[in-house]
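Colleague: Return a 3D structure for these sequence lines:
(chains A, B and C)
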Amino acid sequence: MSTEARKPPAQIALKIRRVLGGKAGWNGVAVQLAFAAVLGWIGYEIVSNARANLENQHIAAGFGFLRNNAGFDVNQTLISYTGSDTFLRVFVVGLLNTLVVSVVGIFFATVIGFVVALCRLSPNWLLSRVGEIYVEVIRNLPVLFQILFWYLAVLAALPNPRQSISLLGIAFVSNRGLVIPQPIGQAGLDPFLAVLLFGIVASLALRTYARRALFQRGQVIRIWPYVLGLLFGLPLVTMLLFGLPFTFELPQLKGFNFAGGSRIIPEFVALTLALSTYTAAFIAEIVRAGILSVHKGQMEAGASLGLSRGTTLRLIVVPQAMRVIVPPLTNQYLNLTKNSSLAVAIGYPDLVSVWAGTSLSQTGQAIEIIAMTMGVYLLISLITSAIMSVYGWRVSRSLGA
Amino acid sequence: MKRVTLALTLALAAGLTAQAADAQTLKTVKDRGVLSCGVSQGLPGFSSPDDKGNWTGLDVDVCRAIAAAIFNDPTKVKFVPTSAKDRFTALQSGEIDVLSRNTTWTISRDTSLGANFTGVTYYDGQGFMVKKSLKVNSALELNSASVCVQTGTTTEQNLADYFKANNMKYEVIAFGTNDETVKAYEAGRCDVFTTDQSGLYSNRLKLANPNDHMVLPEIISKEPLGPMVRHGDDQWFDIVKWTLFALVTTEELGITSKNVDEKAKIENPELKRVLGSDGNFGEQLGLTKDWVIRIVKATGNYGEVFDRNVGAGSPLGITRGLNNLWNKGGLQYAPPIR
Amino acid sequence: MSDITSSGYVRQDLLAERPAPVKTTGFVGLVRTRLLNSPTNILITIVSALLLWFTVVPSVKFLFVDAVWTGTDRTACLTENGACWPYIQAKLPQLIYGFYPEAERWRVDLVLILSVVLLLPLLIPRLPAKGINASLFFFAFPVVAFFLLHGGGITGFGLSWTAGLLQLFDDSIIGAGQALLSLSKTSAIAPLLWVLGNLVVLVGTAIYWLIFPLTWLRDQLEGTGQSVWTDFAITTIVVSLIAFMMGGGVRTGWRPLAWSIATFAAIAAVIKLMGLDHGGLPVVQTRLWGGLLVTLVVSVAGIVTSLPIGIALALGRRSTIPLIRIFSIAFIEFWRGVPLITVLFFATYMLPLFLPGNFTVDGLVRALIGIALFTGAYQAENVRGGLAAIPRGQGEAAAALGLSWWKTTSLIVLPQALRHVIPNLVNSFISLFKDTSLVSIVALFDLLGSLRASFADPKWSAPSILFTGFAFVGIIYFLFCFGMSRYSLFVENRLNAHRRN
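Modeller: A predicted model of the protein is given here:
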């Protein structure tokens, strides 16, 4: 008699029960039906009330207003924009302003954060106290307070345009902003950019090749002369052949303000300063926790190999610490992007200020505008969360099964 | 479920007042016992509170006149400060009964916001204020200037139109509230401050050195300011409209808060109609016979209100100009009470 | 024996004293080992000292040395470059109370004293009776504080409120059914909608008749003069009977009965004391509240309301029931993904559109609703962390004992989880305290908003008042937040004492 293993019974009913109702089974199904009924009732209430209220107030629903003329100007626009452009263009302008201040803020926040973290970990007693004071003071003050303070400080410190501080005679600092010469593209611009791009790609490829040669064959290739030639020599040759890639338009004081040149408005500077210093305090704590999470033996092993403190940190400790640092770090980047919405308090034309502020008062379409604003931020958050999940999955995969 | 009951219980527990958004505003106001009047967040001359929270101003006096007409007591008003952004939603939702907040009468506001303008209390126009040290004498010299403006107002749009029409460039810095805008102008962030001319004079008082600033002569837009009420309640619309006309009529007839009692005794048919001894015009509105007497005793006639708040008797010192009576060179004109 | 003293290898005279070893402790030791032990270190020390010199010295000069201490208006502060303290003194009532009427400020002070009296014993781990303390602080205090701060009275009690709420739901259900019916007349799937509509109307009518005794009783009570006290008596009797029954009846139900009666006696005392049945204290509109009052009210109310929401969402997220799990995850991710300022805009401008046309919700309440939802989502993540820290064996042991899911969660899992949650809760409170400054953008006056409003006063217009105001408010924020963060560290250390090695 052969007793081979039988397949388990199908148990389809049990499987369905589990899928439909979770561990609670048919009770769970009943709970879900009741919950769905309550949600449906709330949804019905909201939709019917909103429709009735909008009708009473003669406000049109829908996104048709996006095609209307905006009728107002915006202080800082990365794309060309005038008062007679559509509301949709206003939305894009606001979005670009938010992204610009976020990217610049993230860059400076990371740099300052890492520096402060290293200060806090320094064996020098005074330096670590300075770092600690910085983190404690910044973390315990509201971010809106800091934004207003920096705006106030920046405006108070800077002079009138007619008495502006000039840097080398080509750039000027005043309370209207920093005016720098603006590059204007000429005929030689396209070849220059193409060659530059080629140079960067070729340098990266060269670096990968040299690293592979080092790790696999122990062969040391000095690539810096080639990189120098690629990044500087080639574009120089292109400039000689095709002409200058750009000329600079120098700013000049005409009447009230500077004409020509491009301008960085003080609101942007104040917002970037405030957001960078604020987020840097949190990043410093995260980096410090990450570095402290690496076993002390790693540092000692590096010392026993004869590496200096800085080299040990750079090659051994920080790469291991990055695993612990990266998820909370991206969370802080997200917080910085969300905190940039406070620009409405100092008049910087970011998405919330220009769209959910000015456009909302001009058109009255509260539901559409606020939904679009929330949707944008939600999209940014979800994308970042998704990237973080992928990163976490890769880390746990690389740490071994 | 928890969130809904939480929200509803919060709403109930916060002592919310149920107000019907239909043609029952007079009844609601009488039942409530006070008039709910939407005003600005602090514009000297029009509506501003002192340290103790007492409100004074032209718009404030209009609401006091309405309250006097209904309750015979000008103190039965609750003032609700509103920003430029939420003034219309407050009116639409029923939080306030009348919006008396230096709001410009435009077609889009009259139609698409579900509200009606009841009249013009102040004929204004947009102007510019600059520092005297800039040595500018006309708005046409403002090419490439930086301008501070409050966002969400007709001011922003008029500014864009004016500079575009005159081929001038400018930098706009927009702030959410009037105070922020003034502070930024004072700090030197911009060269020019722009708002309605009455607002320019009024805000100049808030500056540290008012004499260092001057108002440019150009008026670049028409800004008729007046109170607003909701669509759909004709009786309430008539009450507010005719309160404004009563203020002007009493000035036309020379009735002031001081001499109204003597005027009531004079045997002039027009005076008798206006002051209620003849006819039942007050009852036709839903008020009492002596509605005009109540108004004049509470706030005075239009001239007194103007003088006390924005005219010669006030720190602003604005001349009557367009706001004078029709037979004295201005635009204030009231239909007959007959 | 030979004379020991004469041996050649025994010392005759004492050794000379050697200098003391290099000090590595104390201030000198600190300087030597941690500050000046290498050229780089010396450089770093000099740079840090310069950094501190150039930030601390001007601040101290501005705040104390050059400051103006007395004066009555701006002329006192125009000449000096230092802080203008008379300005702060003049504006202090506005910064603390906002525009709260002067005659009623004792109510705010009373609420502050009550909160301190109830909160301090709760914060000190050593003191007993935490249960009563917590229930007083989280349930009794908010109600009393509301009636003290806002004023007003009550016109009914449990019976009329229950009847009112149920009637609201019922009206809405019947309305929905009728809408479905009217929709069915013009729709493609008319018969289905007609059946559905009639079903809903039937359910609504059934509920109407079910709650008819309650509504009838309530209308009767409104007719009599003593509506509050009769209602109160009825509610006491009903609730005490329910407590008695659920506590175990005649055998063991006496304790819950006693507690219930004691609670209602206390409620009656409070109603009588504050005169709530006669209209209570004069109403002070929330529009007049401002300054530190609003900051504290918003942050405390935010934390107190967000905790139940957070626990519900965290449990929902862990649930295996598909719809509830999906809804919880979506809800949490949505509210965590948007900035708080957009949530406040949503609550201020969109929420009134979602409510029926004749409901007006107070401005402060709208902001509180937005903050409660936003913070609730963040608390859900905190509670989820606490729940995850509990070993799975606890749930299995509870199942072995035959406890249902509700009993397991409420008696075994949650009490242990909340212990892990407390440090995160205090951190959330610190963030919320700082985030209340955002309500100044939706025209509510908190501490920062009151400060900015006070800048506009022409009587005190001087160059130094801006920095003075910011310095003062900054010090207040720093003291509150730093104190709370130190307390959070203290609590965390105490709670994890068993884990320290």
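
Colleague: longest helix of the chain?
Modeller: Using chain A. With secondary structure taken from DSSP state H, chain A has its longest helix at helix A:87-121.

Colleague: wrong one, chain C
Modeller: If you go by DSSP H, chain C has its longest helix at helix C:465-495.

Colleague: and it, is it in reach of chain B?
Modeller: No. Judged by CB under 8 Å from any CB of the partner chain, helix C:465-495 makes no contact with chain B; its nearest approach is 8.5 Å. To be clear about C-beta, it is placed using only N, CA and C from the backbone, and glycine gets the same treatment.

Colleague: other SSEs contacting that helix?
Modeller: Applying 3 or more CB pairs under 8 Å, 6 or more residues apart in numbering or on different chains; DSSP states H and E, one finds that helix C:465-495 contacts helix A:125-139, helix A:143-157, helix C:85-97, helix C:414-435, helix C:447-454.

Colleague: okay, the ones you listed, which one's buried deepest?
Modeller: Mean neighbour counts were compared across the helices and strands packed on helix C:465-495 using mean count of other CB atoms under 10 Å in any protein chain shown; the top stretch is helix C:447-454, at a mean of 24.

Colleague: Spell out which residues make up each domain of chain A.
Modeller: Per automatic domain parsing, the domain ranges recorded for chain A read A:12-57, A:87-159+A:264-400.

Colleague: Mind splitting chain C into its structural domains?
Modeller: As assigned by automatic domain parsing, chain C contains the domains C:87-152+C:285-499, C:158-278.

Colleague: most neighbours per residue, which of those?
Modeller: Mean neighbours per residue, mean count of other CB under 10 Å, is largest over the domains of chain C for domain C:87-152+C:285-499, with a mean of 18.

Colleague: how about the residues of the stretch 201-338 of chain B near chain A?
Modeller: Within the stretch 201-338 of chain B, the positions near chain A by CB under 8 Å from any CB are residue B:231.

Colleague: got the contact list for the residue in the stretch 201-338 of chain B positioned nearest to chain C?
Modeller: Among all residues of the stretch 201-338 of chain B, residue B:208 sits closest to chain C, at 4.0 Å; criterion: CB to the nearest CB. Residue B:208 makes contact with B:186, C:74, C:458, C:461, C:462, according to CB atoms under 8 Å, 6 or more residues apart in numbering or on different chains.

Colleague: now check the helix or strand encompassing residue C:368, is it near chain A?
Modeller: Per DSSP states H and E, residue C:368 falls inside helix C:363-388. No. Legend: contact between helix C:363-388 and chain A by CB under 8 Å from any CB is lacking; minimum distance shown is 11.0 Å.

Colleague: in chain C, which ranges drop under the pLDDT threshold?
Modeller: C:1-6, C:357-358, C:497-501 (pLDDT under 70).

Colleague: How about the residue of chain A found nearest chain B: what's its closest non-neighbour residue?
Modeller: Proximity of chain A to chain B (CB to the nearest CB) peaks at residue A:361, 2.9 Å away. Among residues not flanking residue A:361 along the chain, residue B:152 sits closest, at 2.9 Å (CB to CB, 6 or more residues apart in numbering or on different chains).

Colleague: Around the one you found, how many other residues sit close by?
Modeller: Residues contacting residue B:152 under the criterion other CB atoms under 10 Å in any protein chain shown number 22.

Colleague: what residues are up against the residue in the stretch 1-150 of chain C positioned nearest to chain B?
Modeller: Nearest residue of the stretch 1-150 of chain C to chain B: residue C:99, at 5.3 Å (CB to the nearest CB). By CB under 8 Å, 6+ apart, the contact list for residue C:99 reads B:49, B:53, C:287, C:288, C:289, C:290, C:445.

Colleague: which residues in the stretch 151-300 of chain B form helices?
Modeller: B:154-165, B:178-187, B:197-204, B:234-252, B:260-265, B:269-274, B:281-285, B:291-299 (DSSP state H, counting those that start in this stretch).

Colleague: Indicate which one of those is closest to residue C:480.
Modeller: Checking those against residue C:480 by CB to CB gives helix B:178-187 as the closest, at 25.8 Å.

Colleague: hmm, that closest one touching chain A?
Modeller: Yes. Interface with chain A: helix B:178-187 contributes B:180, B:184, B:187 (CB under 8 Å from any CB).

Colleague: so residue A:188 touches residue A:237, yeah?
Modeller: No. Contact criterion CB atoms under 8 Å: residue A:188 and residue A:237 do not qualify, at 11.5 Å.

Colleague: More neighbours: the two, which one.
Modeller: Neighbours per residue (other CB under 10 Å) separate residue A:188 from residue A:237, with residue A:188 holding more: 18 against 12.

Colleague: How about the contacts made by that one?
Modeller: Going by CB under 8 Å, 6+ apart, residue A:188 touches A:238, A:239, A:242, A:243, A:244, A:245.

Colleague: what residues are up against the nearest residue to the first one once chain neighbours are set aside?
Modeller: Nearest in space to residue A:238, with sequence neighbours left out and distances taken as CB to CB, 6+ apart, is residue A:195 at 4.7 Å. Applying CB under 8 Å, 6+ apart, one finds that residue A:195 lies in contact with A:234, A:235, A:238.

Colleague: my read: residue A:173 touches residue A:167, true?
Modeller: Yes. Between residue A:173 and residue A:167 there is a contact under CB under 8 Å: 6.8 Å.

Colleague: Those two: which is more packed in?
Modeller: Counted by other CB under 10 Å, residue A:173 and residue A:167 do not tie: residue A:173 has more neighbours, with 20 against 12.

Colleague: Check which helix or strand the residue of chain A closest to chain B maps to.
Modeller: Residue A:361 is part of helix A:360-363, with elements assigned from DSSP H and E.

Colleague: For that helix, name the packing helices and strands.
Modeller: Applying 3+ CB pairs under 8 Å, 6+ apart, we find helix A:360-363 packed against helix A:366-398.

Colleague: what do you get if the cut-off is 10 Å, keeping everything else the same?
Modeller: Identification of packing neighbours for helix A:360-363 by 3 or more CB pairs under 10 Å, 6 or more residues apart in numbering or on different chains; DSSP states H and E yields helix A:87-121, helix A:366-398, helix B:107-112, helix B:154-165.

Colleague: for those, which one sits closest to chain C?
Modeller: Closest among the helices and strands packed on helix A:360-363, once you apply CB to the nearest CB, is helix A:366-398, at 3.4 Å.

Colleague: Look up how far residue B:34 lies from the residue in the stretch 101-250 of chain C positioned nearest to chain B.
Modeller: Distance from chain B to each residue of the stretch 101-250 of chain C (CB to the nearest CB) is smallest for residue C:152, at 5.1 Å. Residue C:152 sits 15 Å away from residue B:34, taking CB to CB, to the nearest Å as the criterion.

Colleague: Residue A:106 too?
Modeller: 52 Å.

Colleague: out of these two, which sits in the more crowded spot?
Modeller: Of the pair residue A:106 and residue B:34, residue A:106 is the one with more neighbours under other CB under 10 Å, namely 21 against 17.

Colleague: quick revisit: what is the orientation angle of the longest helix of chain A with helix A:125-139?
Modeller: When axes from the mean of the first three to the mean of the last three CA atoms, to 10 degrees is applied, the directions of helix A:87-121 and helix A:125-139 differ by 150 degrees.

Colleague: can you tell if helix A:87-121 touches chain B?
Modeller: No. Applying CB under 10 Å from any CB of the partner chain, one finds helix A:87-121 separated from chain B by no less than 12.3 Å.

Colleague: can you give me the offset of that helix from its chain's centre?
Modeller: Offset of helix A:87-121 from its chain centre (CA atoms, centre = their mean, to the nearest Å): 5 Å.
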